[in-house]
Each structure stands twice: as structure tokens, then as C-alpha cells.
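Peer 1: Can you look at this prediction? I've put the sequence above it.
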Amino acid sequence: DDDRAGETRAATIEVLRRAGIAPDAWVVVCEGGGSHVGGTPVRATALVEGALDLASASPRRYFFEAASAFATHPREAERLRRFASKDGRDELWYYNERERRCVREFLDDFPSVRMPLGWMLTTAPRLRPRLFSIASAASATPDAVHLTVTAVRWRTHYGRTRRGMCSDAIARAAPGTSKLACWLVNGAIGGAPPPAESPLVLVCTGSGVAPLRSLVQDRVHRARHAGARIAPTLVFFGCRREAGDFLYREEWEALAADPVALVGHPELRTFANDEEYDGKKFEVCPLEGGFVPAFSRDGDAKDYVQHRIASHAMRVWRMLRAGAAVYVAGSAAKMPQDVRETMEKVVEACGKVSIDDARAYVRGMENRGRYVVEAW
């Protein structure tokens, strides 16, 4: 993203100028309080751009307190001390948090601040890694990695346009020509895939579809190309609106229509059950895989994934009784807890146990690696 890179470079040069350091100067990085002997030399611009987020993250209160000591204009120093004081918390919130001001904008607003580089590196927001779940299986696409990224863009109270640093760069990348630095880390949903003959219950919202698409893609690939017998997979996918937010719609519809992909191998679509339900004893119970969408903004009442799980309670319970693993992915706000509580109610109602026993059941699944959450 040339625009964002230009903003970051301009802010970097301004930070260095105020610190009295030339952009092309070499600086030595050493441990705090230590001697520079044996330190690592690095270009000043590379150090600042690699360590600090100057163009998107908002500074903490201590940054303003430190900046007040290096403001040469009395009014600016007074205002910064006010921001850092207990009485000035509300003013700081309106100036900083509500508008999501970044260091670049701070430099424009406080031109007299001459913060030494060491203080800037200590108090300014660090450049944090942006992690995205892989949405493809290595078995199915060995030469490519798919990501499902929500481009973060919004307007502040005063109409300033804000964009996510990494998501916006990805959205603007030119196919086939842009290069982005990346690395791999282990997520909650990772490592060896679950056994092909174990049922799966997958619950996801929005871009949380990514790691679960990877699981399904791997399982389907093994069935089609390695002769694996796969158990049923039951997918609950939630988004705001069917039109525009239904990620991978054509792919999910094709999988749902496939004779094996989600419904599983014919010999794995049932399991023996020795419990009674509604006065009837089932010797053989069906396992129903499939795809169940929930669109929270399309109807008069909000319809979330936990509501779809509740409406398919017996279907979910049979999967759990057959040893299914549950994977939940998406926003870390309320969704994971709402889904967990719904799962507990499914166990309580269909398993005819107390809510405490139902919670213990789900907790036991979690302890055995059969209930996994990846949320952000």
C-alpha cells in the first residue's frame, strides 16, 4: 500500500528529525541500560518502522506524560500534562481513544515536542503482528495459502477515515505482483487434522470460517484422492446478511449437495445408542452432517449460530454422543461464550442431565481436545 507506506515513512522521518537523528544514520541497539559495545547496528529508519506503529495505533496515557517533558512550547506542555493527569482523563479520551489518534497525527498537533529516540521507542505503540487463520488445506492446495481477511475501514466521530494497517494493505495488493512478508505460527485450530472417521461439529461466524474451511477442505480431499472414509461434518455458519456476507457460498452449497463431503461415508452415518429419548430406545441413530447458515440481520428477529444450534439440538447431541469434536471460530466478543452455553443446554436437554453435569460434559470435551475455540 503506497499511501500507507508513505504516511509511515513521513512519520518516521519526522520522529527522527525531532530526535536529532538523520534518516540514513546508523544507530546501535543494545539492552536497556547496557553498554553499546557489542550492540547491533541498524538504520534509524528501519528501526523505527520495524518497531513502532506510527500510523494506526493510539498511544497510551504514559506516552503523553513523557511527551510533556519534551515539549518546548508552554501551552503544548501544559495540555499534555493535563492529558496525563487524573482530572484530564476525559479530555484524553475525547482526543485520543475516541478518534483513534496515531503518533503521526500527534506530531502534527504538537509540533514543539522533541522526544529523544529512546523515549519514543519506549513509550510509542509497538508494531504488533497481524495474525490471520489459514483458510486452505496444504493437502488440497500445496502451492498456495488462502486467507479470509476482513478489510477494516471506518469513520471516527469527527469523520476521519480509519483503515486497518494490514487488512487494507492486503486489500490493495495487486495480484501476481505485490509481495507481503509473512510467517507461520500455531493457532488453536492447527497441528494434525482430526481423524477422518470422527464426526465434526463446526461453528463459525464471519471470517472465522477460515480455519474451519481448512478442516473441511482437508477431509474432503482425503476422501476424494486418498480413499479415506470420512464421518459426517455439521457446519453452522453465521454472518449478518445472506447477500454480501455469505463467504464461500458457492463452495458450501456444492459441498452440501455432494453425496459424501459433509454427510460422510454411508457406513459412518449412524452410531449405536443405548440411551432412551422420549420413551423410545434407539439402537441405531442417524448422524446428519450438513450446512446450516444463520443470517442475523435478514429477518425481523436476530438469528445467530447459537439459535441454529438450539433448533438442531438432537442432531448436535447425536454427533456429540458419537464422539464428535467441536470447533468454534470467530469473534472473541460474545459468540464463543454464547455457543458454549447453548452446547451445555443441548447436553442438558437431550442428555437428560442437570446443567452442572452438562457443563462438566462440555468441560471434559475441552480437556480431551474435543472442544476447541479459536477467537480473536
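Peer 2: Looks like it arrived, so ask away.

Peer 1: Ala44: neighbour count?
Peer 2: 20 (other C-beta atoms under 10 Å). The C-beta positions use only the backbone N, C-alpha and C, and glycine is treated the same way.

Peer 1: now do the one 5 residues further on
Peer 2: Under the neighbour criterion other C-beta under 10 Å, Glu49 is assigned a count of 19.

Peer 1: Let's verify the nearest residue to it once chain neighbours are set aside: helix, strand, or coil?
Peer 2: Using C-beta to C-beta, 6 or more residues apart in numbering and skipping residues adjacent in sequence, the residue nearest Glu49 is Thr12, 5.3 Å away. Secondary structure of Thr12, reduced to three states by DSSP: H, G, I helix; E, B strand; the rest coil: helix.

Peer 1: How many residues are close by Thr12?
Peer 2: 23.

Peer 1: dump the residue contacts of it.
Peer 2: By C-beta atoms under 8 Å, 6 or more residues apart in numbering, Thr12 lies in contact with 23, 45, 48-49, 54.

Peer 1: Please report the distance of it from Gly50.
Peer 2: Thr12 sits at a distance of 10 Å from Gly50 (criterion: C-beta to C-beta, to the nearest Å).

Peer 1: Burial check on Leu131, number of neighbours?
Peer 2: By other C-beta under 10 Å, 10 other residues sit near Leu131.

Peer 1: so who does Phe63 touch?
Peer 2: 103, 123-125.

Peer 1: where does it land in three-state SS?
Peer 2: Classification of Phe63 using three-state DSSP returns helix.

Peer 1: follow-up on the earlier one: can you tell me which of the contacts of Thr12 is nearest Asp245?
Peer 2: Looking at the contacts of Thr12 and their distance to Asp245, the nearest is Leu54, at 32.7 Å (C-beta to C-beta).

Peer 1: Surely that closest one is in contact with Val48?
Peer 2: Yes - the criterion here is C-beta atoms under 8 Å, and Leu54 meets it with Val48 at 7.5 Å.

Peer 1: Now do the strands in the stretch 251-376 of the chain.
Peer 2: Assigned by DSSP state E, counting those that start in this stretch, the strands in the stretch 251-376 of the chain fall at 270-272, 276-277, 280-281, 284-286, 290-295, 325-330, 371-375.

Peer 1: could I get the ones you listed as a markdown table with mean neighbour count, mean pLDDT and distance to Ser112?
Peer 2: Shown next, in a markdown table, are these (neighbours: other C-beta atoms under 10 Å; pLDDT from 0 to 100; distance: least, C-beta to C-beta, whole Å):
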| stretch | mean neighbour count | mean pLDDT | distance to Ser112 |
| --- | --- | --- | --- |
| strand 270-272 | 15 | 89 | 73 |
| strand 276-277 | 12 | 53 | 75 |
| strand 280-281 | 8 | 58 | 81 |
| strand 284-286 | 13 | 89 | 74 |
| strand 290-295 | 18 | 97 | 53 |
| strand 325-330 | 24 | 97 | 46 |
| strand 371-375 | 19 | 95 | 43 |
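
Peer 1: so which of those comes closest to Ala151?
Peer 2: Taking C-beta to C-beta as the criterion, strand 325-330 is the member of the strands of the stretch 251-376 of the chain that comes nearest to Ala151, at 16.9 Å.

Peer 1: Which residue is the nearest non-sequential neighbour of Ala173?
Peer 2: Using C-beta to C-beta, 6+ apart and skipping the chain neighbours, the partner closest in space to Ala173 is Leu180 (6.6 Å).

Peer 1: typo on my end, Trp26
Peer 2: Leaving out its chain neighbours, the residue that sits closest to Trp26 by C-beta to C-beta, 6+ apart is Pro41, at 4.9 Å.

Peer 1: What pairs with the helix or strand where the one you found lies, parallel or antiparallel?
Peer 2: Assessed by DSSP states H and E, Pro41 sits inside strand 40-43. Using DSSP bridges, strand 40-43 pairs in its sheet with strand 26-29 (antiparallel).

Peer 1: Pull out the buried residues from the partner strand.
Peer 2: Under the neighbour-count criterion of 16 or more other C-beta atoms under 10 Å, strand 26-29 has Val27 buried.

Peer 1: try stretch 355-367
Peer 2: Buried residues in stretch 355-367 (16+ other C-beta under 10 Å): 358-359, 361-362, 365.

Peer 1: Tell me the spacing between Arg18 and Tyr95.
Peer 2: Using C-beta to C-beta, Arg18 is found at 20 Å from Tyr95.
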